[in-house]
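*Asks:* take this sequence and fold it.
(2 chains)
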Amino acid sequence: MAYVGIREAMKNFKDALVSKYNSCPPFCRLCEEACARRGGKGSFEATTIHAVDIPEVDFHGVIACIQCSTPRCMEICPTGAIAKDDVTGIVRIQSEQCIGCGLCTLECPYGGVYYNSEKQKSIKCDTCDGEPECVIACPYGVLEFLKNSETVKRLHEEDFLSPGVRSCAGCMAELGLRLALRVLGPNTVLFGAPGCILPVILGLDTQSSTKVATFPCLFTNVIATMTGVSRYYRHLGKSANLLAFVGDGCLADIGLQTLSGAAERGENLIVIVYDNEGYMNTGVQRSSTTPHSGWTNTSPVGGSYQGKAQKSKYLPLIMLAHEIPYVATANLAYLDDFVQKLTKAMAVKDGLSYIHLFSPCPVGWRATADSGITISRLAVETNYFPLWEAENGKVVLTRDISSPKPIREYTKLMGRFSHLTEEDLNQFELFVDKRLDLIRSFSHPKT
Amino acid sequence: MAGKHLIIGSGLAALSALRKIREINRTDEIRLVTMENHPPYSLAALPYLISKRIDKAGLCLADKSYLDKMECSLEMGKRVIRIVPDAKEVIYQDHSRENFDNLLIASGAEPITPNIGGLKKVPFANLHTMDDCDRLQKLLVGKKEVAIYGGGMISLEIAAALLEAGYRVNIIVRSYILRRYLDQKTSESVERLFRDHGCQISSGSEIAEVRKNKNKVEIHLAKGGVIFTALLIMTTGVKSRTAFLENSGIEVNQGIVVDRRMRTNVLNIYAAGDVAEAPDFFYRQPGVSAIAPSAIQQGRIAGANMAGEVMEDRGWVPMNVAKFFGHSVSSLGLPPDGSSQVLRNEPGSNHHYKELIFRDNKLIGARFLDVDIDPGVFRYLIEQEVDVEHYKEMLFEKPKAMSRWLMLEYEKR
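*Replies:* Below you'll find the model as predicted:
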């Protein structure tokens, strides 16, 4: 089977107009009015965003083109009038080319293309060429325009991990490392420690899987080794991104002291902890970041045991207390957010940057191999894993979830929580709320 | 699995398969061969060439730079006359041979010309290929009157195009127009739309005979009466283009018989589009679905399977949209039958008509005339078998908003 690289996949990661589901004030038409007003900017006066109001089912939302990655409207257009912009991903109809046959309206399942009977042509949202008037006009925060093409621009063309690597099917840490290297680029020295990703870094036999300088270390010395290498680079008058990509077992547990020391000394390192909430490659044992009541082989379920009896250690806030220049949490369901955070971490020159990466392990969490992204997204949407960052100690939630989903939406995806009763889930929810409150107590409103 | 994918045809199914193979695989060789002497185009655009809404130059679906990007070679003017599955080769009209590892037959369809007395002696045209279109445009020069035999979507699109271009148009239809999509009453309101634009329509009449009379064509109707015209256009349906498959061992019925992965009975040979007879969505009954959406869907499935993935088609749903004079007709899914529940309004003077057909808790058909809806969203509700149990009446009352809401709710899963 041929391999479709992350480079191909990221091509589909483009600008998007998104809306909060069912969150509009009833019969508000501000977005439609703005769309109709835009006059000379777009090619048509007719609106290409539509409010959908159905009081009978208590629904008030909006619908507009979502600029599909492989637009079916484009595939069927008999004159090739529909094209997708390579950079921004915006799907446009060239009006002169459109014959008004209406086939695109038959092909689009999402209500994103419309037939304008007056002009006898099809019309659709072109995001006002990247500055949608509807988003500006919406005072309720329902509409948001994601400039994902800006994110993609920050990525290096080359993939610095080889296509086939020795991680389990569905491993999210591997995606995290791959993406991190795409952002940090070739001038990076990668440090690893025993853990799931080490076999990936080491490669097979005498061949490495990485295309950047790579240094496999031990649990307790990885940060100290980085410190030494950074001093050596300083001595040579060179600079490079020194990146540690290690697991929670390494830095939340065994090597925490060296991390704390380097943070306090102000070493200029980038540390990413991929948190899969346990010692996964040694056969799924508990770590200090395994959540309360989570099953592992050393926090079993049965008899008087109901998974881990202790709550998890929250390393990001420990790192915040070190008053380092940059601390963030990241999640692979929010790639744009992760890329932005990596860019900020890379820009830090006067101290340590720390990113805590949520990293589902389908094997150890007893989930299906294709569920990593879904689990990641729900971890954020249920507030189990809040996304925030702190630049120079100023904590900001980068995804503020106003109406979180119930925690069972998250836990039901994994076998490690299958023993939880209704009561356990309520308690789980309390732990989640408590941690969020703790983060919020440090946070400033999003600017 | 490095290999060579040979695709016969360059229409929508062929191009769709090409895209899918390349999405999965960048290294295999892909070659398109077509009997046509024109770069890839969509025949859905042909009526609009007649109305001059677009010119030929604007029609190319895959120019050289696109094919280069897809690393695909295209050879035009090459007609396959035989396929030899055992040798994994095709034989062309010039007797040259070519090998393949995987073969996709996407050779499309050809018009059916009914058996009418005197037809050979009068000027008549089809509109199914670019060559037909070129020929028709030549035949139209200096003429003012055209008769169209047939009453399907394409017939009406051609009629509308010709009316737009100032011709006097006569439609002759054996039953009534859009019979496959509308009931007779609604069809009559579409008929009125055409009459309002100066079109003559003779329904319920077969052509018994045609005669040449100086520069005119005399069309004698079976039910009596004669129509005088300058040119006759035949739009009485199409059939799969399969003549070259005789004795190849590939099973042909109405079209090439394929399974839900677009595989023929012969290993490594696939078929898609107008030439394929694939299982339908509702009954898994084989049939030819000669419409653009099916061509693209089947091409995609064939491409995936040729590239080594396992992908199954849900089956084709009958559907079509037509636009004329700013009016729209959409028809999706099954017509009503005894076992289905139907919600419909009587078409009034303003032509608006809607009809929804349900079976159990699912929508299985929808027809609209001049109702502002998203046809694709209704298609989604049918194809995804969305449960509409409690919302049938509301879907009928507020089709646009409710269909969108049901789609959004279903997407949320």
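
*Asks:* most centrally placed residue in chain A?
*Replies:* For chain A, the residue lying nearest the average C-alpha position, counting by Cα atoms, centre = their mean, turns out to be residue A:334 (2.0 Å).

*Asks:* now do the same contact list for it.
*Replies:* Counting by Cβ atoms under 8 Å, 6 or more residues apart in numbering or on different chains, residue A:334 makes contact with A:376-377, A:380, A:387, A:399. Heads up, the C-betas are built off the backbone N, CA and C, glycines and all.

*Asks:* so what's the residue count around the closest residue to chain B within chain A?
*Replies:* In chain A, the residue that lies nearest chain B is residue A:78 (3.3 Å; Cβ to the nearest Cβ). Residues lying near residue A:78 (other Cβ atoms under 10 Å in any protein chain shown) number 21.

*Asks:* the closest residue in space to residue B:158 that isn't next to it in sequence: how many residues sit nearby?
*Replies:* Spatially, and ignoring its direct neighbours in sequence, residue B:158 is nearest to residue B:47 (4.9 Å; Cβ to Cβ, 6 or more residues apart in numbering or on different chains). The local packing of residue B:47 (other Cβ under 10 Å) involves 26 other residues.

*Asks:* may I have the phi/psi pair for residue B:47?
*Replies:* Dihedral pair for residue B:47: phi -60, psi -30, per degrees, to the nearest 10.

*Asks:* what residues are up against it?
*Replies:* B:127, B:154, B:157-158, B:160-161.

*Asks:* most neighbours among these, which one?
*Replies:* The most crowded member of these is residue B:158, carrying 26 neighbours; neighbours defined as other Cβ under 10 Å.

*Asks:* and that one, that one's in a helix?
*Replies:* Yes. According to DSSP: H, G, I helix; E, B strand; the rest coil, residue B:158 belongs to a helix.

*Asks:* so it sits against residue B:148, correct?
*Replies:* Yes. Here residue B:158 reaches residue B:148: they are 6.1 Å apart, a contact under Cβ atoms under 8 Å.

*Asks:* what's the overlap in contacts for those two?
*Replies:* Residues touching both residue B:158 and residue B:148 (Cβ under 8 Å, 6+ apart): B:233, B:235.

*Asks:* how is the chain partitioned into domains?
*Replies:* You didn't pick a chain, so chain A it is. Residue ranges for the domains of chain A, per automatic domain parsing: A:6-148, A:154-444.

*Asks:* hmm, I had chain B in mind actually
*Replies:* Domain assignment for chain B, taken from automatic domain parsing, gives B:4-110+B:238-306, B:119-234, B:326-411.

*Asks:* with respect to burial, which of the ones you listed scores highest?
*Replies:* domain B:4-110+B:238-306 (a mean of 20; mean count of other Cβ atoms under 10 Å in any protein chain shown).

*Asks:* now do the phi/psi pair for the residue nearest to the centre of chain A.
*Replies:* phi -120, psi 70.

*Asks:* low pLDDT regions in chain A?
*Replies:* Within chain A, the stretches with pLDDT under 70 are A:1-13, A:39-45, A:445-447.

*Asks:* same deal with the stretch 301-413 of chain B?
*Replies:* In the stretch 301-413 of chain B, residues with pLDDT under 70: B:347-351, B:413.

*Asks:* contacting residues around the residue positioned nearest the centre of chain B?
*Replies:* Closest residue to the average C-alpha location of chain B: residue B:291 at 2.8 Å, with Cα atoms, centre = their mean. For residue B:291, the contact set (Cβ under 8 Å, 6+ apart) comprises B:318-320.

*Asks:* also near chain A: which of these, exactly?
*Replies:* Among the contacts of residue B:291, proximity to chain A is found for B:319-320 (Cβ under 8 Å from any Cβ of the partner chain).

*Asks:* who wins for neighbours among the contacts of residue B:291?
*Replies:* Counting neighbours by other Cβ under 10 Å, the top entry in those is residue B:319, with 25 neighbours.

*Asks:* just to revisit the earlier point, mind checking which of the domains of chain B is nearest residue A:424?
*Replies:* domain B:326-411 (30.0 Å; Cβ to Cβ).

*Asks:* how far does that closest one sit from the chain's center?
*Replies:* 22 Å (Cα atoms, centre = their mean, to the nearest Å).

*Asks:* gap between the two ends of it?
*Replies:* 32 Å (Cα to Cα, to the nearest Å).

*Asks:* what of stretch B:157-172?
*Replies:* Note: stretch B:157-172 ends 14 Å apart using Cα to Cα.

*Asks:* contacts only, for the closest residue to residue A:322 other than its chain neighbours.
*Replies:* Leaving aside its chain neighbours, residue A:322 sits nearest to residue A:263 (4.0 Å; criterion: Cβ to Cβ, 6+ apart). By Cβ under 8 Å, 6+ apart, the contact set of residue A:263 is A:319, A:322, A:324, A:351-352, A:354.

*Asks:* before we move on, which element is residue A:263 in?
*Replies:* Residue A:263 belongs to helix A:256-265 when assigned by DSSP states H and E.

*Asks:* how about residue A:60?
*Replies:* Using DSSP H and E, residue A:60 sits in strand A:59-64.

*Asks:* need the domains of chain B in TSV with distance to residue A:286, can you?
*Replies:* Shown next, in TSV, are the domains of chain B (distance: least, Cβ to Cβ, whole Å):
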stretch	distance to residue A:286
domain B:4-110+B:238-306	41
domain B:119-234	64
domain B:326-411	38
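
*Asks:* next, give phi and psi for residue A:282.
*Replies:* phi -90, psi 0.

*Asks:* and it, how many neighbours?
*Replies:* Using other Cβ under 10 Å, residue A:282 has 12 neighbouring residues.

*Asks:* bridging across strands, which residues link to the closest residue to residue A:329 other than its chain neighbours?
*Replies:* Spatial nearest neighbour of residue A:329, excluding adjacent residues (Cβ to Cβ, 6+ apart): residue A:356 at 4.7 Å. With DSSP bridges applied, residue A:356 shows beta-bridge pairing to residue A:273, residue A:329.

*Asks:* so who does the spatially closest residue to the residue of chain A closest to chain B that is not a sequence neighbour touch?
*Replies:* Excluding the flanking residues, the one nearest residue A:78 by Cβ to Cβ, 6+ apart is residue B:42, at 3.3 Å. For residue B:42, the contact set (Cβ under 8 Å, 6+ apart) comprises A:77-79, B:11-12, B:59, B:61, B:292.

*Asks:* hmm, try it at 7 Å
*Replies:* A:78, B:12, B:61, B:292 (Cβ atoms under 7 Å, 6 or more residues apart in numbering or on different chains).

*Asks:* which parts of the stretch 201-350 of chain B sit against chain A?
*Replies:* Residues of the stretch 201-350 of chain B lying close to chain A by Cβ under 7 Å from any Cβ of the partner chain are B:292-293, B:296, B:308, B:319, B:321, B:323, B:326, B:328.

*Asks:* and the two most separated of the residues you listed?
*Replies:* Using Cβ to Cβ, these reach their maximum pairwise distance at B:308 and B:326, which is 46.8 Å.

*Asks:* ok, longest helix in chain B?
*Replies:* Assignment by DSSP state H gives helix B:292-306 as the longest helix of chain B.
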